[in-house]
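Visitor: generate a structure from the sequence data that follows.
(chains A, B and C)
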Amino acid sequence: MTMNILDLNNPLFATYVIAATLMILKVISMSWLTVWRMMVTAKGAGFRAPEDLRKTALNPNPDPKQLQADERVDRIRRIQLNDLENIPFFLVAAFLYILTNPPLLLAQILLYGYVVSRLLHFAAYASARTHDTRATLWTIGSLILVFLTVRPLLAVFGV
Amino acid sequence: MTMNILDLNNPLFATYVIAATLMILKVISMSWLTVWRMMVTAKGAGFRAPEDLRKTALNPNPDPKQLQADERVDRIRRIQLNDLENIPFFLVAAFLYILTNPPLLLAQILLYGYVVSRLLHFAAYASARTHDTRATLWTIGSLILVFLTVRPLLAVFGV
Amino acid sequence: MTMNILDLNNPLFATYVIAATLMILKVISMSWLTVWRMMVTAKGAGFRAPEDLRKTALNPNPDPKQLQADERVDRIRRIQLNDLENIPFFLVAAFLYILTNPPLLLAQILLYGYVVSRLLHFAAYASARTHDTRATLWTIGSLILVFLTVRPLLAVFGV
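Guide: Predicted structure coming up:
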């Protein structure tokens, strides 16, 4: 009996599902962290739409200053934009990589390694570590992503 | 005979295809709406590249004011950025969710519910309803997305 | 024997893998091009985080001017944002299109045509060709994307 590649009991595909869902939850949590910083930490600063200055249940004391940028909010938005430049492509590249039927251990190292590199990138960026720390973590993730992308491309040509 | 999970005649996968393609068309239409507002409503305002001030067939009367921000154009761009923070992850999470073989009715409620929440979010944002209306609609979609993501993650661990 | 649709030896799926991985590599290279322009061409201009002004191995001579926008860096970022608005949706739409079992030649024309339109869009944008040239190339890609999205939606309804 051959196991379906998209079966959750297939260890290779399970590796993909774990890495992919953790990364999606990471991106979603950036949105919630932005909301939390806007509403709580910055008391509404970082709003971007003019209508957000209307008095509502969630914004009982509107203030024109709320439309000003706030570094605490902008920092999370920069992290999220960095996610948008990377994670959607990881989600597809890692899926195609799994379809090349790689060794399980290698797949685990690459996919979980990518997840760890992005979580550490978040930690370094959120805590304002130096550019070099952040750049190193981003580079590790980006190189894994290049490998995950090039491997299925080569596999199509029998390499 | 077992039906292939990726068969368009499989009701579960058909649900995914309908929800996914509607969401992709929604994002594409934001690009076209931006173009329409830039070219027609705002007479070129909202351009972002310096070379867009050259005289061309599409821009017969260039004006430096065209590089200024325009709220009608920026509003659509904010909506589209919100899409980019959400919809690519829905497309993958909903696909993985379908692979867990959920009850058809539940899948339809969640996936079509997500689509409706995003269309209403667009309507509320485009017509400048209050922040609370927009936030409520975004929250419904985000919670559905969390569920679609957590479910396959748990399924891998047999939960 | 029926060939698995997700088999890399299936010419239709191979077409998808080639187009998808080329597009992912294109997006990744925008990140690296941004890094290269920030570090080399603009000597650090275009940085966005306050902590990037700390003295480090990669930035031995920090200067407040590094946080200013730089057109060489911003141009690549605009191109990359345009990618984010298009390519993640191509990756999913083209996958669903392949599942409709289209004629191979048509699939190759559409998918490789999309890839070529995005590479030419990059060339036109990076070299600051007129808005009309860039807009024409973007439009070709966008129309292909609409077709790739609408086809599987119609296929679900037997059209």
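
Visitor: where in chain A is pLDDT low?
Guide: Applying pLDDT under 70 to chain A flags residues A:1-3.

Visitor: and it, which residues reach chain B?
Guide: A:4, A:6, A:8, A:14, A:17-18, A:20-22, A:24-25, A:27-28, A:30-32, A:35, A:47-52, A:54, A:56-59, A:80, A:84, A:87-88, A:91-92 (C-beta under 8 Å from any C-beta of the partner chain). The C-beta positions use only the backbone N, C-alpha and C, and glycine is treated the same way.

Visitor: in helices, which of those residues appear?
Guide: A:14, A:17-18, A:20-22, A:24-25, A:27-28, A:30-32, A:35, A:80, A:84, A:87-88, A:91-92 (DSSP state H).

Visitor: among the residues you listed, which are in reach of chain C?
Guide: Okay, of these touching chain C (C-beta under 8 Å from any C-beta), that's A:84, A:88, A:92.

Visitor: which of those residues lies closest to chain B?
Guide: Nearest to chain B, judged by C-beta to the nearest C-beta, of these is residue A:88 at 4.2 Å.

Visitor: correct me, but the closest one touches residue B:88?
Guide: Yes. In terms of C-beta atoms under 8 Å, residue A:88 counts as a neighbour of residue B:88; the distance is 4.2 Å.

Visitor: residues shared between the contacts of these two?
Guide: residue C:88 (C-beta atoms under 8 Å, 6 or more residues apart in numbering or on different chains).

Visitor: now do the same contact list for residue A:24.
Guide: Applying C-beta under 8 Å, 6+ apart, the residues near residue A:24 are A:87, A:91, B:89, B:92-93, B:145, B:149.

Visitor: out of these, which is nearest to residue B:125?
Guide: Closest to residue B:125 out of these is residue B:145 (17.6 Å), distances taken as C-beta to C-beta.

Visitor: hmm, who's touching stretch A:134-144?
Guide: Here stretch A:134-144 has contacts from A:82, A:86, A:90, A:110, A:113-114, A:117-118, A:120-121, A:124-125, C:28, C:31-32, C:35, C:49, C:58, using C-beta under 8 Å, 6+ apart.

Visitor: what is the burial count for residue A:41?
Guide: 13 (other C-beta atoms under 10 Å in any protein chain shown).

Visitor: who are the contact partners of the nearest residue to it once chain neighbours are set aside?
Guide: Sequence neighbours aside, residue A:72 is the residue nearest to residue A:41 in space, at 5.4 Å (criterion: C-beta to C-beta, 6 or more residues apart in numbering or on different chains). Listed by C-beta under 8 Å, 6+ apart, the contact set of residue A:72 reads A:37, A:41-42, A:46.

Visitor: and which of these is nearest to residue B:100?
Guide: Of all the contacts of residue A:72, residue A:37 has the smallest distance to residue B:100: 33.3 Å, by C-beta to C-beta.

Visitor: these two touch, right, residue A:66 and residue A:51?
Guide: No. Counting by C-beta under 8 Å, residue A:66 does not reach residue A:51; the two are 11.5 Å apart.

Visitor: more neighbours: those two, which one.
Guide: When neighbours are counted by other C-beta under 10 Å, residue A:66 and residue A:51 differ, and residue A:66 comes out ahead with 20 against 17.

Visitor: what's the helix or strand for the nearest residue to the more buried one once chain neighbours are set aside?
Guide: Counting by C-beta to C-beta, 6+ apart, residue A:66 lies nearest to residue A:44, which is 4.0 Å off, once chain neighbours are set aside. Assigned by DSSP states H and E, residue A:44 belongs to neither a helix nor a strand.

Visitor: how about residue A:138?
Guide: helix A:131-156.

Visitor: give the contact list for the residue lying closest to residue A:64 once chain neighbours are set aside.
Guide: What sits nearest to residue A:64 in space, not counting adjacent residues and going by C-beta to C-beta, 6+ apart, is residue A:53, at 6.5 Å. Residue A:53 makes contact with A:47, A:59, A:62-64, A:66-67, according to C-beta under 8 Å, 6+ apart.

Visitor: list buried residues within those residues.
Guide: Using 16 or more other C-beta atoms under 10 Å in any protein chain shown as the burial test, the contacts of residue A:53 include A:47, A:59, A:62, A:66-67 as buried.
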